[in-house]
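In: Whatever this is, show me its structure:
(one chain, ligands or ions: 1)
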Amino acid sequence: MKKLFAALALAFTAACGAPQTAPADQAEAPAGAIEIREAWAAATPGGADVAAGYLTIANGTAADDRLVSATSPRATSVEIHEMSMENDVMRMRAVEGGLLVPAGESVALAPGGLHVMFMGLSAPFVEGEEIPVTLTFETAGAFEIMLPVRAGAAHGGGH
Ligand SMILES: [Cu+2]
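Out: Presented below is the predicted three-dimensional model:
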């Protein structure tokens, strides 16, 4: 499993290391708006008090924006985390200064890479329910979304 995470992290790093020069017309972002897609959270069997959420942020505006904070009534704190390999061990840390979503581009938070980190869960995330989350962007403001809970992709170690 660790190797799988490693491969995903490397793929993610490679994808994100690309210069941000893609023409806007190649992006999948909606015209003139920020859109949240493919949002879900991983179930927490076994009573873990942390959980991970995933989603894709599409920025269809002409300006860069940043996801600066996230909150949920289901967790005492919510952070945006990134993963990296250190000495063959997957580590996680909070994204400093907000997560950049360049104009006309999409940023994916997906297993093995960036994720929404729920800490201090008030109750386990159970498959089939939905977790309310508020995402706040520097420019676009607050988005209230629901993350359906799915099995699989349990949050790895490293904290
Ligand atoms: Cu994390």
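In: Strands along the protein, start to end?
Out: 34-42, 50-59, 65-71, 75-86, 89-94, 99-101, 106-109, 115-121, 130-137, 141-150 (DSSP state E).
In: Columns mean pLDDT on top of those strands, output as JSON lines?
Out: Below are the strands of the chain laid out as JSON lines (pLDDT from 0 to 100):
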{"stretch": "strand 34-42", "mean pLDDT": "96"}
{"stretch": "strand 50-59", "mean pLDDT": "97"}
{"stretch": "strand 65-71", "mean pLDDT": "97"}
{"stretch": "strand 75-86", "mean pLDDT": "93"}
{"stretch": "strand 89-94", "mean pLDDT": "90"}
{"stretch": "strand 99-101", "mean pLDDT": "97"}
{"stretch": "strand 106-109", "mean pLDDT": "97"}
{"stretch": "strand 115-121", "mean pLDDT": "97"}
{"stretch": "strand 130-137", "mean pLDDT": "98"}
{"stretch": "strand 141-150", "mean pLDDT": "96"}
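In: can you list those in CSV and add mean neighbour count?
Out: In short, each C-beta sits where N, CA and C put it, glycine included. Output for the strands of the chain, formatted as CSV (neighbours: other Cβ atoms under 10 Å):
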stretch, mean neighbour count
strand 34-42, 19
strand 50-59, 22
strand 65-71, 18
strand 75-86, 17
strand 89-94, 14
strand 99-101, 20
strand 106-109, 18
strand 115-121, 20
strand 130-137, 18
strand 141-150, 14
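In: Quick one: these as TSV, columns for distance to the ion too.
Out: TSV is the format used below for the strands of the chain (distance: least, Cβ to the ion, whole Å):
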stretch	distance to the ion
strand 34-42	11
strand 50-59	6
strand 65-71	12
strand 75-86	3
strand 89-94	4
strand 99-101	13
strand 106-109	11
strand 115-121	4
strand 130-137	15
strand 141-150	15
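In: so who does M146 touch?
Out: Taking Cβ atoms under 8 Å, 6 or more residues apart in numbering, we find M146 in contact with A39, E130, I131, P132, V133.
In: ok, now with 10 Å
Out: Applying Cβ atoms under 10 Å, 6 or more residues apart in numbering to M146 gives the contacts A39, W40, A41, E129, E130, I131, P132, V133.
In: which ones are touching the nearest residue to A94 once chain neighbours are set aside?
Out: Nearest residue to A94, sequence neighbours excluded (Cβ to Cβ, 6 or more residues apart in numbering): E79, at 4.6 Å. E79 is in contact with S69, A70, M92, R93, A94, V95, H115, V116, M117, F118, M119, counting by Cβ under 10 Å, 6+ apart.
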